[in-house]
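**Q** The following block contains a protein sequence and its predicted model.
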Amino acid sequence: MAHKRISIGFEGGQVLSVKVDADAEKALRKSLGSEGWHELPVEDGEIRLDLARVVYLQTDSDASRVGFGS
């Protein structure tokens, strides 16, 4: 399954950038707004997130980024 990069923003300004598959991203989106811990499988392991501290989730577009054009 293909992975895509997401960035997770936390209280205090820290940002965690990881690669996840579509199912992991969907499960994380569904759990946002709740409290407790979320186990997030990433490309090279697993991360446990304190959902009460997450302030945003950014998903990179699937568009190719080759070259310098717009």
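**A** Looks like it came in fine. Residues are numbered from 1 along each chain as shown.
**Q** Please enumerate the strands of the chain.
**A** 3-10, 15-21, 37-42, 45-50, 54-59 (DSSP state E).
**Q** Turn these into a markdown table, columns for distance to residue 27.
**A** All C-beta spots, glycine's among them, are computed from the backbone N, C-alpha and C. Formatted as a markdown table, those follow (distance: least, CB to CB, whole Å):
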| stretch | distance to residue 27 |
| --- | --- |
| strand 3-10 | 12 |
| strand 15-21 | 9 |
| strand 37-42 | 8 |
| strand 45-50 | 11 |
| strand 54-59 | 12 |
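**Q** Nearest to residue 28 among the ones you listed would be which one?
**A** strand 37-42 (5.8 Å; CB to CB).
**Q** avg pLDDT for the closest one?
**A** What strand 37-42 shows for mean pLDDT is 97.
**Q** Which residues does residue 19 form beta bridges with?
**A** Counting by DSSP bridges, residue 19 forms beta bridges with residue 5.
**Q** Make residue 1 into 5 and carry on from there
**A** Sure, I'll start numbering at 5, so the last one becomes residue 23.
**Q** give the contact list for residue 5.
**A** Listed by CB atoms under 8 Å, 6 or more residues apart in numbering, the contact partners of residue 5 are 25, 26, 27.
**Q** Give the residue spans of this structure that score low on pLDDT.
**A** Flagging of the chain using pLDDT under 70 yields the residue ranges 66-74.
**Q** let's see 50
**A** Across the chain, nothing is flagged by pLDDT under 50.
**Q** can I get the contacts of residue 5 in TSV with neighbour count and distance to residue 55?
**A** As requested, those are arranged in TSV below (neighbours: other CB atoms under 10 Å; distance: CB to CB, whole Å):
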residue	neighbour count	distance to residue 55
25	14	20
26	11	20
27	10	18
